[in-house]
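Visitor: Fold the following for me, if possible:
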Amino acid sequence: MGKMGYLAMKTDRLSKDLIESDLRELGDAAKKLANHAFQLGSGLGFGTSFLKFLASFAAIYLLILDRTNWRTNMLTSLLVPYIFLSLPSVIFSFLRGEVGKWVAFIAVVLRLFFPRHFPDWLDMPGSLILLLVVAPSFFAHTIRGGIIGVIICLVISCYLLQEHIRASGGFRNSFTKSKGISNTIGIILILIYPIWHLVLYFL
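Guide: Prediction:
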């Protein structure tokens with residue numbers, strides 16, 4: 001009985017040691033997984049910020065493009081809320097401050113008192129500056145910084161893409177016409193950001 005008891009105690013101690021060893025290995029694996037997830041999340045977050053920056057400037061490029069294949073003002077005006085929602089926070093805060101107020105003030109004065117000296121191509125950029133300055137905090141922070149703003153950007157970019165392809169006479173023509181390639185690339189760039197953001201949000 002003494003020998004059997006000794007063997008039982010030895011077996012229990014061995015099992016306990018094995019369990020503790022497995023738990024330590026499991027804890028180490030969990031720590032490594034957490035570190036990798038943090039590094040990956042940081043990289044993906046940087047990718048999202050970069051795409052957001054790229055998309056907003058692509059939208060600005062499309063907005064101020066002198067010659068475009070679009071034939072309706074409605075399509076161009078849709079870029080104004082897109083830029084409002086996708087503009088990087090640093091630039092948004094800068095334009096929403098005193099600098100933006102002065103620019104908006106000068107634009108309004110020129111438009112009211114010197115309409116002949118106010119070029120038509122400045123209408124949309126001027127509207128954008130006014131929107132940045134006067135937008136309520138609900139739109140400037142809650143909507144702009146949330147998933148609703150990203151969804152609105154996705155809807156706008158999808159609509160612009162399908163309208164541009166239709167106006168170009170098909171997907172192939174949108175990439176082959178000399179004046180349509182830059183527009184197509186710009187619209188694709190503004191489409192990538194909301195798709196990427198939503199994919200990461202729902203993962």
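Visitor: Residue 121 contacts residue 64, doesn't it?
Guide: Yes: when contacts are counted by CB atoms under 8 Å, residue 121 is listed as touching residue 64 (6.9 Å). Where C-beta positions appear, they are placed from N, C-alpha and C, glycine not excepted.
Visitor: So for the host helix or strand of residue 167, what gets flagged as buried?
Guide: Element membership of residue 167, judged by DSSP states H and E, is helix 147-168. Neighbour-count burial for helix 147-168, counted by 16 or more other CB atoms under 10 Å, picks out 149-150, 152-154, 156-157, 160-161, 163-165, 167-168.
Visitor: roughly how far apart are residue 120 and residue 76?
Guide: 11 Å (CB to CB, to the nearest Å).
Visitor: oh sorry, the question was meant for residue 157
Guide: 14 Å.
Visitor: just residue 62 next, same as before
Guide: 8 Å.
Visitor: The two: which is more packed in?
Guide: residue 62 (24 against 17; other CB atoms under 10 Å).
Visitor: Now do the contacts for that one.
Guide: Shown in contact with residue 62 (CB atoms under 8 Å, 6 or more residues apart in numbering): 68, 76, 79, 183, 186, 187, 190.
Visitor: tell me what the helix or strand encompassing residue 82 is packed against?
Guide: In this assignment (DSSP H and E), residue 82 forms part of helix 79-86. Contacts defined by 3 or more CB pairs under 8 Å, 6 or more residues apart in numbering; DSSP states H and E place helix 79-86 against helix 2-64, helix 123-134, helix 147-168, helix 181-202.
Visitor: one step back: any chance of the contacts of residue 62 in TSV with distance to residue 142 as columns?
Guide: Shown next, in TSV, are the contacts of residue 62 (distance: CB to CB, whole Å):
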residue	distance to residue 142
68	33
76	27
79	22
183	32
186	28
187	27
190	22
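Visitor: Can you tell me which of those has the lowest confidence score?
Guide: Minimum pLDDT for those is recorded at residue 68 (54).
Visitor: picking that back up, can you list the buried residues of helix 147-168 in JSON lines and add distance to residue 138?
Guide: Formatted as JSON lines, the buried residues of helix 147-168 follow (distance: CB to CB, whole Å):
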{"residue": "149", "distance to residue 138": "11"}
{"residue": "150", "distance to residue 138": "16"}
{"residue": "152", "distance to residue 138": "14"}
{"residue": "153", "distance to residue 138": "17"}
{"residue": "154", "distance to residue 138": "20"}
{"residue": "156", "distance to residue 138": "19"}
{"residue": "157", "distance to residue 138": "23"}
{"residue": "160", "distance to residue 138": "25"}
{"residue": "161", "distance to residue 138": "29"}
{"residue": "163", "distance to residue 138": "29"}
{"residue": "164", "distance to residue 138": "31"}
{"residue": "165", "distance to residue 138": "34"}
{"residue": "167", "distance to residue 138": "34"}
{"residue": "168", "distance to residue 138": "37"}
